[in-house]
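Trainee: coords below, sequence missing:
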């Protein structure tokens, strides 16, 4: 549903919001979260995890997600 770049941008903003609360039960860095977004179709969805979680993992890529972004650049 979203490109990797868009997922990274969303994850960065969520992490900033979570850490800005300075909640005593939250870690001071690298909060873990999982965001599942349902699209308008059954097959349209996105799972977003923190950017730091992906540092040592193979980058996820989807022809459909990345291709859509390339086709619709303004």
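Mentor: Yep, it's here. Treat the numbers as computed from the prediction; the structure is a model and nothing was measured. Numbers count the residues shown, from 1 in each chain.

Trainee: What about residue 4? Give its phi and psi, please.
Mentor: With angles defined as degrees, to the nearest 10, residue 4 sits at phi -60, psi -40.

Trainee: how far away is it from residue 11?
Mentor: 10 Å (C-beta to C-beta, to the nearest Å). Backbone N, C-alpha and C define where each C-beta goes, glycine included.

Trainee: same deal with residue 37?
Mentor: 12 Å.

Trainee: Give me the common contacts of these two.
Mentor: Taking C-beta atoms under 8 Å, 6 or more residues apart in numbering as the contact rule, residue 37 and residue 11 both touch residue 48.

Trainee: ok, the two, which is more surrounded?
Mentor: residue 11 (19 against 13; other C-beta atoms under 10 Å).

Trainee: Who's the closest spatial neighbour of that one, skipping the chain neighbours?
Mentor: With C-beta to C-beta, 6 or more residues apart in numbering as the criterion, residue 11 has its nearest non-adjacent residue at 4.9 Å, and that residue is residue 51.

Trainee: And for the one you found, the neighbour number?
Mentor: Around residue 51 there are 16 residues (other C-beta under 10 Å).

Trainee: who's in contact with it?
Mentor: For residue 51, the contact set (C-beta under 8 Å, 6+ apart) comprises 8, 11, 12, 15.

Trainee: Lowest-confidence entry in those residues?
Mentor: Minimum pLDDT for the contacts of residue 51 is recorded at residue 8 (90).

Trainee: can you give me the strands for this protein?
Mentor: 35-38, 45-48 (DSSP state E).

Trainee: Residue 21: how many residues sit nearby?
Mentor: A count of nearby residues for residue 21, using other C-beta under 10 Å, gives 8.

Trainee: go on, the one 3 residues further on?
Mentor: The local packing of residue 24 (other C-beta under 10 Å) involves 5 other residues.
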